[in-house]
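>>> below is the sequence, then the predicted model.
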Amino acid sequence: MSASAKPDNSFEIVARAPNSPARVGRLTTPHGVVDTPAFIPVGTLGSVKTLTTDELREVGAQIILANTYHLWLRPGPEVVRELGGLHRFTGWDGPMLTDSGGFQVFSLGFGLEHGVGKIASVFPGEEARPPAKAHKKLCVIDEDGVWFNSHIDGRRLRLDPEISIAVQQALGADIILAFDECTSPLSSFEYTKKALERTHRWAETCLRANEGGNQWLFGIVQGGEYQDLRVASACWIDQQPFDGYAIGGSLGRSKDDMLRVLEWTVPHLQEGRPRHLLGIGEPEDLFGAIERGIDLFDCVAPTRLARHGTVYTADGKLHLRRRELQRDGRPIEDDCDCYTCRRHSRAYLRHLFVSHELLALRLASIHNLRFILRLVEQVRAAIPGGELPALREQFFSRYQLAKRRD
RNA sequence: GGAGGGGUGGGUGAGCGGCUAAUACCAACAGACUGUAAAUCUGUCGCCUGAAACGGCUACGCAGGUUCGAAUCCUGCCCCCUCCA
């Protein structure tokens, strides 16, 4: 389907929803097949925190994501290459994707400086709240790339499109991403436009750098929460010989904004290439995105929330440290098939969290990943028959969202 | 028996005349987290009223005293620790 001359990779659409742009696909890589829509657990440093590869399999992970910036700093791309690439090095022999380091341009730059995330919790008419925790940024962007001050030892390091691709080639994931600038939700139109133009130039450099390579390279649509920019970016990226798309950057100030960004973007992307929504999402984010044609997601939320003591349930999030769970002998969810729910009570998990036992982090991570991966499995099954809206209704009838401020 | 040190809010432990309802850490409680600088971060944390408080009350072993003012200085008492006999 793709114009790419990379015969070990392919993406085919297996079924389409009769009532939305949602589709079921099959992404084939040298390390196996990914049925889409798919959620990709994040293993930044080559490890989905706390979990073994067997546990990842058991929980239903098909593919995992690792990070170029972090692995570049440590242990270094040459070490990974010498040890046989990421698959051999990490022991995960399934499909893998690496992020380019573009997110660190944001998270270690503007994000660090202003204490904001990809989706700012700032509502129209409000100024950015004084950040709870602001730091000096660790990177500076110029037209050709980014200077980082290593967060590990302070060394000054240069990352640019060529280096990012070279590092990703050494790491050897099945799918790699173009090096982009992830902009902030607090950035102005002018800045976002300038960053977008730069990201497009970088995209061309990435394509050139990856010519002849056998890894799939995805281009990244940017443009923040500005319709003109998103449309322009989608159209431009679409014209390039990328193997797939990722939608990145600021997705606005609310979940509705995020869906709007998808509506501006996805219609301009070719049907036959996979579409990855970067950094999303939580359970409630999946439906809207899939119904707008998204195939792939990755997000740290399930694993990070788990380590911080919050787990997903059909009724919403549950904070495991709460005192009211002290004598709660039920599993997190009665009908969850994960290891944690089969073996342990909420009371035990609360005890482990309160006691700072490391097992808590692992058990909660297993549950959260199983929860979201199972949800995506259900969504995938519901698409061909047009049952996705019903499934969505059923999900939201129970799932309590955190209190909104607006 | 002799010499010295010390008793502070649930715990450890600062403070050593007013800026102290009292630093910090822990515990406790609540909240946040979306391409992971994250087993992290934020808030509350004597009692009462209250949306909140620069509002009231009670507080630094006990009892007195000095002072405009004391957790902080003095006296007595109780208790704990260390060293020497």
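Now that the structure is in, tell me what you want to look at. Worth saying up front: this structure is predicted, and the values here are computed from it rather than measured.
>>> got a list of what the closest residue to A:Asn214 other than its chain neighbours touches?
Counting by C-beta to C-beta, 6 or more residues apart in numbering, the nearest residue to A:Asn214 once its immediate chain neighbours are dropped is A:Lys6, at 5.4 Å. Quick note: C-beta positions are derived from backbone N, CA and C, even for glycine. By C-beta atoms under 8 Å, 6 or more residues apart in numbering, the contact set of A:Lys6 is A:Asn214, A:Gln215, A:Trp216, A:Asp243.
>>> gap between whichever residue of chain A sits closest to RNA strand B and A:Ala195?
Residue of chain A nearest RNA strand B, by C-beta to the nearest atom of the strand: A:Cys182 (2.2 Å). For A:Cys182, the distance to A:Ala195 (C-beta to C-beta, to the nearest Å) stands at 9 Å.
>>> anything in contact with each of those two?
A:Gln222.
>>> out of the two, which sits in the busier spot?
Counted by other C-beta atoms under 10 Å, A:Cys182 and A:Ala195 do not tie: A:Cys182 has more neighbours, with 27 against 24.
>>> quick one: the more buried one and A:Ile247 touch, right?
No. Between A:Cys182 and A:Ile247 there is no contact under C-beta atoms under 8 Å: 11.1 Å.
>>> so what sits against both of these two?
Residues touching both A:Cys182 and A:Ile247 (C-beta under 8 Å, 6+ apart): A:Leu278.
>>> how about stretch A:44-64 against RNA strand B, any contact?
Yes. Counting by C-beta under 7 Å from any atom of the strand, contacts between stretch A:44-64 and RNA strand B involve A:Thr44, A:Val48, A:Lys49.
>>> then stretch A:220-235?
Yes. Using C-beta under 7 Å from any atom of the strand, stretch A:220-235 reaches RNA strand B at A:Ile220.
>>> what are the C-alpha coordinates of that stretch, in PDB please?
Output of stretch A:220-235 as PDB, limited to C-alpha atoms (Å, rounded to 0.1, in the frame of the first residue of the first chain):
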ATOM      1  CA  ILE A 220       5.000  14.200  12.200                       C
ATOM      2  CA  VAL A 221       2.200  16.600  11.700                       C
ATOM      3  CA  GLN A 222       2.500  19.700  13.900                       C
ATOM      4  CA  GLY A 223       0.700  23.000  14.100                       C
ATOM      5  CA  GLY A 224      -0.500  23.200  17.600                       C
ATOM      6  CA  GLU A 225      -4.100  24.200  18.200                       C
ATOM      7  CA  TYR A 226      -4.200  26.300  15.000                       C
ATOM      8  CA  GLN A 227      -6.400  25.100  12.200                       C
ATOM      9  CA  ASP A 228      -4.500  26.700   9.400                       C
ATOM     10  CA  LEU A 229      -1.200  25.300  10.600                       C
ATOM     11  CA  ARG A 230      -2.600  21.800  11.200                       C
ATOM     12  CA  VAL A 231      -4.200  21.600   7.800                       C
ATOM     13  CA  ALA A 232      -1.100  23.000   6.100                       C
ATOM     14  CA  SER A 233       1.100  20.600   8.000                       C
ATOM     15  CA  ALA A 234      -1.100  17.500   7.300                       C
ATOM     16  CA  CYS A 235      -1.200  18.400   3.600                       C
END
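>>> so which bits of that stretch are buried?
Of the residues in stretch A:220-235, A:220-226, A:229-234 count as buried by neighbour count, 16 or more other C-beta atoms under 10 Å.
>>> ok, stretch A:49-58 next?
A:Lys49, A:Thr50, A:Leu51, A:Thr53, A:Glu55, A:Leu56.
>>> what's the burial count for the closest residue in space to the first one that isn't next to it in sequence?
Pointing back at A:Lys49 there. Leaving aside its chain neighbours, A:Lys49 sits nearest to A:Thr303 (5.6 Å; criterion: C-beta to C-beta, 6+ apart). A:Thr303: 24 surrounding residues under other C-beta under 10 Å.
>>> return the backbone torsion pair for A:Thr303.
Torsion angles at A:Thr303 (phi, psi; degrees, to the nearest 10) stand at phi -80, psi -40.
>>> the helix or strand A:Ala15 falls within pairs with which strands, parallel or anti?
Element membership for A:Ala15 (DSSP states H and E) is strand A:10-16. Each strand paired with strand A:10-16, and its direction, by DSSP bridges: strand A:23-29 (antiparallel).
>>> got the buried residues for the helix or strand bottoming out on mean pLDDT in chain A?
One helix or strand of chain A scores below all others by mean pLDDT, DSSP states H and E: helix A:111-114, with a mean of 88. Neighbour counts using 16+ other C-beta under 10 Å place A:Gly111, A:Leu112, A:Glu113, A:His114 of helix A:111-114 among the buried residues.
>>> near RNA strand B at all, that helix?
Yes. Using C-beta under 7 Å from any atom of the strand, helix A:111-114 reaches RNA strand B at A:Leu112.
>>> chain neighbours aside, what residue packs nearest to A:Leu83?
Leaving aside its sequence neighbours, A:Leu83 sits nearest to A:Phe89 (C-beta to C-beta, 6+ apart; 4.6 Å).
>>> next one, pLDDT for the residue most central in space within chain A please.
Nearest to the mean C-alpha position of chain A, by C-alpha atoms, centre = their mean, lies A:Asp298 at 2.5 Å. In this model, A:Asp298 is scored at 98, pLDDT.
>>> residues in contact with it?
Each residue near A:Asp298 by C-beta under 8 Å, 6+ apart is listed here: A:Phe39, A:Ile40, A:Pro41, A:Val42, A:Leu65, A:Leu97, A:His276, A:Leu278, A:Gly279, A:Ile280.
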